[in-house]
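1. Pasted the sequence and its predicted model underneath.
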Amino acid sequence: MSWNRLCIKKSKGGMGFRDMHDFNLSLLGKQGWRLITKPNSLVS
């Protein structure tokens, strides 16, 4: 079974796993936003 098929939503017949590439991009965006909005925060 391919990773692409595992990442299909359960309602559409897949396993509902998250696509790790998309998940990592969203976390990087969130981290970047915190660094921009809270530059003095030690652990953004």
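-> Cool, the structure landed.
2. now what about the lowest-mean-pLDDT helix or strand in the chain, what contacts it?
-> Lowest mean confidence among the helices and strands of the chain (mean pLDDT, DSSP states H and E): helix 3-6, at a mean of 78. With contact meaning Cβ atoms under 8 Å, 6 or more residues apart in numbering, helix 3-6 is reached by 14-15, 17. Bear in mind the C-beta positions are built from the backbone N, C-alpha and C, glycine included.
3. next structured bit after that helix?
-> The helix or strand immediately downstream of helix 3-6 is helix 20-37, counting by DSSP states H and E.
4. roughly how far is that following helix from the heart of the chain?
-> Distance of helix 20-37 from its chain centroid, counting by Cα atoms, centre = their mean, to the nearest Å, is 8 Å.
5. Next, the contact list for the closest residue to Arg18 other than its chain neighbours, please.
-> Once flanking residues are discounted, Arg18 sits nearest to Cys7: 6.9 Å by Cβ to Cβ, 6 or more residues apart in numbering. Cys7 sits next to 14-15, 17-19 when contact means Cβ under 8 Å, 6+ apart.
6. how about 7 Å then?
-> For Cys7, the contacting residues are 14, 17-19, by Cβ atoms under 7 Å, 6 or more residues apart in numbering.
7. With His21 as the reference, measure out to it.
-> 10 Å (Cβ to Cβ, to the nearest Å).
8. And for Trp3?
-> Distance of Trp3 to His21, given as Cβ to Cβ: 10 Å.
9. do the same with Trp33
-> 19 Å.
10. how about the residue located most distally from the centre of the chain, secondary structure?
-> What lies farthest from the middle of the chain is Asn40; by Cα atoms, centre = their mean that is 25.0 Å. Recorded secondary structure, Asn40: coil (DSSP: H, G, I helix; E, B strand; the rest coil).
11. which residues touch it?
-> By Cβ under 7 Å, 6+ apart, the contact list for Asn40 is empty.
12. so what's it scoring on pLDDT?
-> Predicted confidence (pLDDT) at Asn40: the value is 87.
13. For it, what are phi and psi?
-> When read as degrees, to the nearest 10, the backbone of Asn40 gives phi -90, psi 0.
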